[in-house]
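Undergrad: Just a sequence and a predicted model for now, questions to come.
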Amino acid sequence: MFRKIIASPSPPAESRPREGDLYRTVTTFGKTFELRYGYYDDIDRSGEPDVIYPDFRATPVYTKEGEPFITMMQDACEHFKGKGGRTDDTICAECTHCKRGEEWLGICTCPRNRKL
Ligand code: SF4
């Protein structure tokens, strides 16, 4: 006699996040951001939505001291400072100017990126 083994069933469809649902409201370095579920690319739409982080390159946001917000996974800029130098795969999290806040958000402390 065979016994069917079901390994860790996925959560019921009604409890899975949907596009537009709120993941978290995060306050860090004096600003509040709403993080919602969605898709970065249309090609991802066959799967479950991800948490969408702000695109600070497209829409910069600054602290009141003029430091730009970044995400940890943002592509490193030309002012990157860290081991091994910058490559196409280097991200802000690897940079000594990166100051991490809540979730994957942070600020860049590089004086050359500061808004005067
Ligand atoms: S933390 Fe700042 S200086 Fe470093 S790579 Fe990111 S944006 Fe550039």
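TA: All right, it came through fine. Numbers count the residues shown, from 1 in each chain.
Undergrad: and the closest residue to Cys110 other than its chain neighbours, how far is that from Thr32?
TA: Spatial nearest neighbour of Cys110, excluding adjacent residues (Cβ to Cβ, 6 or more residues apart in numbering): His97 at 4.0 Å. C-beta here means a position set from N, CA and C on the backbone, and glycine is covered the same way. According to Cβ to Cβ, to the nearest Å, His97 stands 23 Å off from Thr32.
Undergrad: The two: which has the busier surroundings?
TA: Relative neighbour count places His97 above the other of His97 and Thr32, with 21 against 8, counting by other Cβ atoms under 10 Å.
Undergrad: Could you report the neighbour count for the residue nearest to Ile91 when sequence neighbours are not counted?
TA: With Cβ to Cβ, 6+ apart as the measure, Met73 is the residue that lies nearest to Ile91, at 5.3 Å, once sequence neighbours are left out. Here the neighbour count serves as a burial measure; for Met73 (other Cβ under 10 Å) it reads 10.
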